[in-house]
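Chemist: This is a predicted model, with the sequence first.
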Amino acid sequence: MVFRNGERLLWNPLKRQALKIRPEERVRLQILEYLMLQSMVPASRIAVESPVPSRFSRGRTDLLCYDGQFAPWLLIECKAENVRLGPRAATQSAVYNRFVKAPNLMLTNGLEDALFQVAGKLKPVDPSGYPGELLPLEPDWHSDDPEYWSARGFFQAKLPDTSARPIARRLAQLYHLAGETRSWLEIPTPIHPHPPPHYHLLLSAENQPDTLIAVSLRATAPDQAVFTAVANRKKTNFAFFLCSLGTDGYFGEPKIVQHRTGKDYRSDKDRRSGNDRHRAGRASSHTAGESRDHSTSRNPDQRAGHSTGSSGPIHPAIPESHHIDKLNEFWFRVDGDSGTQTTPEQSALAARELSGILERILTGT
C-alpha cells in the first residue's frame, strides 16, 4: 500500500507503479507476491501485463512466467474473487495463449486455482502434479519484518522500531501462522461510517460461540493507523471498538459503541463481491498465497455476514483502562526473541488470547 494525495493505493513492485484498489488488481498482486516471495520462480522471469496482438485479446496478459531460456512457460489469468473458474474463463485464457504459446495455463481468483497443460486442448493438472517451481519453499512461511507489514498497509512506516518489531511479529503470528480465517472487508461503523477496506481476522469469541469478532490493524495515513474490532452475532454487528496506533508506538484514544439492533449497511456491490476466506498455512493443493498477500492457502468463498447496527444517536464510550493496558501488553509482549522461529501452535494461542481480550472489551465483561 502507498498513499497518494491522501488515497490508499496498491503498489506493484515489478512495475513500480501505484494502482487503484480493484478486485482483479488485488488478486494479481497477491499471486505476484506469492511467486516472488514463496515460490522458486525468480522475479526476473515474471512479466506483468505483457502486450499481445489485439486480434487475440484485449491487449495484455495478467502474469506471464518464463523458463530458464526465457521462453513462455506459464500464463496466469487473474479473476476477481467472486468470479467462478469455469469453462468460459479457461477459454478466454486459451485465446490469449494463441499468441503467447505457453505450455501451461493457470486460472486463479485468489481463493482457488486451476492449472492446465496445453497439448492441443487444455488438460487439467491435479494439484498433486503441480510443477515444483510453483510449490512453496517453506511450508510455514511467514514474515516478521516491519517493512513487510507497513508496505502492505497494516501500520504506518514512521512507527518507532521498538514498536514496529513486536507488532510485526504479532501480525506474522495472527495472519500467517495461526490458522484463522481472514477476509478483505469494508465494515462501516458508527464511529467511522466509511472506513477503507482492509484484511480482517475473523476470530470466534471464547465464551460466546455464536459471536464472531472481526479484527483489523490498518494505516489510514502515512503517519497514522487504527486498530478496530467489530463483534457480530446472527449477522448483525452489535459492538464496535476503535483505538489509534500513535506516533509514539502505543495504542490509545479508545472508543467503543454498543448496539442491540441493526441493519445492513453494505452496498449491493459489497454483497455481490463476497469476501476472501483464507486459512494460514499452506496446503499442497494450492499454488499461491494476500489475500494471498499474507496467507498461503485458501478456503472457498464464504460470507462473514457482517452488518452494522444503528439505533439512535452515537455516544462512544471509553473502555476501562485495564482493557487497553491488556491490549498494549498483548502487542508488545511476544514470546521469543526477534528472529526466533514462531510456531503455528504459539500463533494459535496468541489468536485466542487476542480474542479473549477483545471479547471483554466489546461485551463489557
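Modeler: In hand now; what should we look at?
Chemist: hey, let's count contacts and neighbours off CA atoms from now on
Modeler: Fine.
Chemist: For the closest residue to residue 326 other than its chain neighbours, which three-state class applies?
Modeler: Distance criterion CA to CA, 6 or more residues apart in numbering; nearest residue to residue 326, sequence neighbours excluded, is residue 357 at 7.1 Å. Secondary structure for residue 357, judged by DSSP: H, G, I helix; E, B strand; the rest coil, is helix.
Chemist: Tell me how many other residues crowd residue 357.
Modeler: Residue 357 is flanked by 18 other residues according to other CA atoms under 10 Å.
Chemist: Just give the closest residue to residue 349, not the sequence neighbours.
Modeler: Nearest non-adjacent residue to residue 349 (CA to CA, 6+ apart): residue 178, at 7.9 Å.
Chemist: do the same with residue 227
Modeler: Counting by CA to CA, 6+ apart, residue 227 lies nearest to residue 217, which is 4.4 Å off, once chain neighbours are set aside.
Chemist: what's near enough to touch residue 100?
Modeler: Applying CA atoms under 8 Å, 6 or more residues apart in numbering to residue 100 gives the contacts 52, 72, 75.
Chemist: could those residues go into a markdown table alongside pLDDT and neighbour count?
Modeler: Below are these laid out as a markdown table (pLDDT from 0 to 100; neighbours: other CA atoms under 10 Å):
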| residue | pLDDT | neighbour count |
| --- | --- | --- |
| 52 | 76 | 17 |
| 72 | 94 | 19 |
| 75 | 93 | 27 |
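Chemist: now these in TSV, with secondary structure and distance to residue 33?
Modeler: Below are the contacts of residue 100 laid out as TSV (DSSP: H, G, I helix; E, B strand; the rest coil; distance: CA to CA, whole Å):
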residue	secondary structure	distance to residue 33
52	coil	23
72	strand	19
75	strand	16
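Chemist: a markdown table for those residues, including distance to residue 31?
Modeler: Listed next are the contacts of residue 100 as a markdown table, based on distance: CA to CA, whole Å:
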| residue | distance to residue 31 |
| --- | --- |
| 52 | 21 |
| 72 | 17 |
| 75 | 12 |
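Chemist: mind listing the strands for the stretch 201-350 of the chain?
Modeler: Here the stretch 201-350 of the chain has its strands, by DSSP state E, counting those that start in this stretch, at 211-221, 224-233, 236-245, 251-258, 278-279.
Chemist: returning to that earlier point: give the contact list for the residue nearest to residue 326.
Modeler: 323, 326, 327.
Chemist: out of those residues, who's nearest residue 172?
Modeler: Among the contacts of residue 357, residue 327 lies closest to residue 172 (CA to CA), at 17.0 Å.
Chemist: That closest one: neighbour count?
Modeler: So residue 327, with other CA under 10 Å, has 20 neighbours.
Chemist: Excluding chain neighbours, what is closest to residue 358?
Modeler: residue 229 (7.2 Å).
Chemist: Doesn't residue 176 belong to a helix?
Modeler: Yes - under three-state DSSP, residue 176 falls within a helix.
Chemist: ok, how many other residues are close to it?
Modeler: 29.
Chemist: show me what contacts the closest residue in space to residue 186 that isn't next to it in sequence?
Modeler: Of all residues not flanking residue 186 in the chain, residue 197 sits nearest, at 4.2 Å (CA to CA, 6+ apart). For residue 197, the contact set (CA under 8 Å, 6+ apart) comprises 184, 185, 186, 187.
Chemist: Give me the pLDDT for the third one.
Modeler: Per-residue confidence (pLDDT) for residue 186: 88.
Chemist: for this structure, where's the lowest mean pLDDT among helices and strands?
Modeler: strand 278-279 (a mean of 32; mean pLDDT, DSSP states H and E).
Chemist: For stretch 74-84, buried residues please.
Modeler: Neighbour-count burial for stretch 74-84, counted by 16 or more other CA atoms under 10 Å, picks out 74, 75, 76, 77, 78, 79, 80, 81, 82.
Chemist: Restricting to C-alpha, output the host helix or strand of the first one in CSV.
Modeler: Residue 74 is located in strand 72-78, with elements delineated by DSSP states H and E. What follows is strand 72-78 as a C-alpha-only set of coordinates in CSV (Å, rounded to 0.1, in the frame of the first residue of the first chain):
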residue,chain,number,x,y,z
PRO,A,72,7.0,-18.5,-22.1
TRP,A,73,6.3,-21.2,-19.5
LEU,A,74,3.2,-20.3,-17.6
LEU,A,75,0.4,-17.9,-18.5
ILE,A,76,-1.7,-16.8,-15.4
GLU,A,77,-5.1,-15.2,-15.8
CYS,A,78,-6.4,-13.5,-12.7
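Chemist: What lies in contact with it?
Modeler: 24, 27-28, 61-67, 93, 97, 100-110.
Chemist: The residue nearest to residue 186 and residue 101: what is the separation?
Modeler: Residue 197 is 38 Å from residue 101, where distance means CA to CA, to the nearest Å.
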